[in-house]
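Novice: Build me a model:
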Amino acid sequence: MASTFKYRLSSPFGGLAVDLTGEFRPVDAGDDFRLQVYRNVWLAPPGGINWRDSAWLSFGLSVHASELSAAHPNGLIVEVTSLVFPLAHFRSEVAALAMDGWIRREFDLPDRGLYAASRAGGGGYTFRWGEHSDPFSDESFN
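Specialist: Numbering: from 1, shown residues only. Below is the predicted model of the structure:
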């Protein structure tokens, strides 16, 4: 059954917001397009998604993938059916934060230290990725 996670970060210059609706299920050979995130953990992104948003969704899932893989040895697909955001309050990195929040809520998994904070003086945002200082570096996952 699909559920929605609403990520919100208020800041003096507007904030960040995204609503992620998703569901999970066992892997089926007839499934449409999906991205392998880890061994037997897959992401089915919503159609028409920007590649950056898809990459950050994948990262948000990947920080929990080893635990999900162990709990679902026959495979698991996380399907994001909707990623809705106001353009003025979104950056692609927020997709990872929404995915992290959705996964933690759905599977009762621990916080891995992913978060955003607004910089003082209107200087944008600082993102932290837990143990991953460079999320898209191969060394982050060794």
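Novice: which one is Asp111 nearest to, not counting chain neighbours?
Specialist: Nearest residue to Asp111, sequence neighbours excluded (Cβ to Cβ, 6 or more residues apart in numbering): Arg104, at 6.7 Å. C-beta here means a position set from N, CA and C on the backbone, and glycine is covered the same way.
Novice: next one: Leu97
Specialist: Using Cβ to Cβ, 6+ apart, the closest residue to Leu97 is Tyr7 (5.3 Å).
Novice: Would you mind measuring from the most centrally placed residue in the chain to Leu87?
Specialist: For the chain, the residue sitting closest to the mean C-alpha position, by Cα atoms, centre = their mean, is Met99 at 2.7 Å. In this structure, Met99 and Leu87 are 19 Å apart, going by Cβ to Cβ, to the nearest Å.
Novice: do the same with Tyr38
Specialist: Tyr38 is 31 Å from Leu87, by Cβ to Cβ.
Novice: more neighbours, these two?
Specialist: With neighbours defined as other Cβ atoms under 10 Å, Tyr38 and Leu87 compare such that Tyr38 has more, 19 against 5.
Novice: quick one: pLDDT of the more buried one?
Specialist: pLDDT, Tyr38: 95.
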